[in-house]
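Visitor: Provided below for reference: sequence and predicted model.
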Amino acid sequence: MNTGDVTLVDVHVRTGRTGDASLLGPLVLAPGESVPFIDAYVPQVGDCGPETITATGMSLCRQPVTGGMRLRCPHLAVKPAIRLTRDCPSEAPFFGHPYRAQGTVMNTGDVELTDVRVVHHAASGEVPVLGPIRLLPGESAGYLVEGIAPLESCEWVDSVSVSAMEPCDGGRVSDQVITVCPLQSFPRLGLSKECPQSGPSQGQPWIFSGTVTNTGNVLLTDVQVFSIRSGSAPVRVFGPVILAPGETARFVAQTPTDSESIPSLEVLEAVGEDVCRGTRVSVRAHCLGMLSQSAPVLRSLVHGEGGATLTWSSRPGVSYLVEHSEGIPPESWIPLPDRVTASGETASAVDGSAQGARRFYRVKVVE
């Protein structure tokens with residue numbers, strides 16, 4: 001409508017959506033004259049902002065005239081939505097060690113989202129890991145989470161959240177994911193046996209001491225130490241106790257002796273259970289140190305007219321060397337002349353020079 005008192009020429013009506021294209025015009029409007037117009041278009045998802053309509057014209061004296069208005073019309077119904085995913089690391093981290101994990105945020109709705117922000121809810125507080133960014137419908141973006149794995153838990157529980165703004169109504173959409181990831185544990189035991197310099201008198205018990213240590217990175221329960229002697233059932237000499245990583249327990253124990261027993265040949269075995277996985281671990285030791293699980297274990301030592309006969313556990317095809325010493329700790333180890341190649345699960349050797357002599361023996365694997 002021409003609301004002035006002079007005739008207007010070259011009158012045009014435009015909208016911000018149409019740019020320079022005219023909805024109406026050019027036309028001439030006398031004072032008080034009005035002309036209706038229709039704006040028809042196909043709305044698109046996300047067409048929700050206010051629209052500006054502008055009318056321009058020129059007086060007969062070539063003076064420009066402008067009028068306009070802003071209005072917001074009802075827009076298409078939209079369904080804003082966002083989804084967050086998080087993956088555990090491809091390799092589980094160790095207790096107390098740094099970790100890195102990846103995730104993805106996706107616009108699963110039908111309208112563009114703005115001010116997209118991803119936050120990691122770490123033990124130290126909220127840590128922004130992505131944003132602010134914009135995401136079109138169906139578009140996704142990756143993010144990275146970093147931190148330190150806990151020391152006193154079998155699992156690592158992590159929380160990440162995302163929020164974003166829907167531009168049409170200014171509301172926010174959000175999502176959260178809580179991930180439970182395993183931690184990598186290595187249960188392990190250390191064992192030592194400390195033996196006296198001399199053996200016990202006939203009929204007296206064999207008294208010794210030792211230590212058992214949790215040398216792994218996970219709590220061990222039901223830790224026990226057994227004495228293993230050939231021909232007899234294992235005898236518990238310590239435990240059960242619980243050992244935290246790095247913790248050591250010391251014990252003093254005794255075992256009976258008889259005319260046929262050789263206390264220094266007794267092997268100790270420590271066992272325990274990983275509190276996270278339920279895995280059983282064990283380790284063996286004797287007076288000279290720890291034994292590997294594949295190390296030979298002396299089963300018997302029999303003295304006869306031909307000397308001393310030793311029998312030990314073996315692996316077929318493996319060669320062994322028997323050495324002897326006059327005392328513990330040894331000043332030196334003297335090997336027997338011949339190596340022994342095992343043909344079964346036990347092997348033996350004869351020390352013909354041992355008649356009437358007191359000796360200590362050890363059996364070594366020959367590479």
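Guide: Yes, it's here.

Visitor: From now on I want contacts and neighbour counts done on CA atoms only, so please keep to that.
Guide: Fine.

Visitor: Dig out what residue 238 forms beta bridges with.
Guide: Counting by DSSP bridges, residue 238 is bridged to residue 225.

Visitor: Wait, it touches residue 212, no?
Guide: No: taking contacts as Cα atoms under 8 Å, residue 238 lies outside contact range of residue 212: 9.5 Å.

Visitor: what's the weakest-modelled helix or strand in the chain?
Guide: Ranked by mean pLDDT, DSSP states H and E, the helix or strand of the chain with the weakest confidence is strand 289-291, at a mean of 70.

Visitor: coming back round to it: who has more neighbours out of residue 238 and residue 212?
Guide: Between residue 238 and residue 212, counted using other Cα atoms under 10 Å, the more crowded position is residue 212 (24 against 20).

Visitor: Mind checking what secondary structure the residue nearest to the more buried one when sequence neighbours are not counted has?
Guide: Closest residue to residue 212 apart from its sequence neighbours, by Cα to Cα, 6 or more residues apart in numbering: residue 191 at 4.6 Å. Secondary structure state of residue 191, per DSSP: H, G, I helix; E, B strand; the rest coil, is strand.

Visitor: how far away is residue 191 from residue 229?
Guide: The gap separating residue 191 from residue 229 is 17 Å, by Cα to Cα, to the nearest Å.

Visitor: cool, and residue 314?
Guide: 17 Å.

Visitor: Comparing the two, which residue is more hemmed in?
Guide: Set side by side, residue 314 and residue 229 show more neighbours around residue 314, with 23 against 20, by other Cα under 10 Å.

Visitor: these two touch, right, that one and residue 347?
Guide: Yes: using Cα under 8 Å, residue 314 is in contact with residue 347, at 6.0 Å.

Visitor: and residue 178, how many neighbours?
Guide: Residue 178 has 13 neighbouring residues, counting by other Cα under 10 Å.

Visitor: tell me which element it falls in.
Guide: Element membership of residue 178 [criterion: DSSP states H and E] is strand 172-182.

Visitor: what sits against the residue nearest to residue 212?
Guide: 210-213, 269-270, 283-285, 290 (Cα atoms under 8 Å, 6 or more residues apart in numbering).

Visitor: what do you get if the cut-off is 7 Å, keeping everything else the same?
Guide: Residues near residue 191 by Cα atoms under 7 Å, 6 or more residues apart in numbering: 211-213, 270, 283-285, 290.

Visitor: ok, it to residue 275 distance?
Guide: Distance from residue 191 to residue 275, counting by Cα to Cα: 19 Å.

Visitor: ok, now residue 163?
Guide: Computed with Cα to Cα, the distance linking residue 163 and residue 275 is 38 Å.

Visitor: Over to residue 137?
Guide: Distance from residue 137 to residue 275, by Cα to Cα: 47 Å.

Visitor: could you pull out the helices for the chain?
Guide: Assigned by DSSP state H, the helices in the chain number zero.

Visitor: got the domain boundaries for it?
Guide: With domains defined by automatic domain parsing, the chain comprises 8-71, 82-182, 189-291, 298-366.
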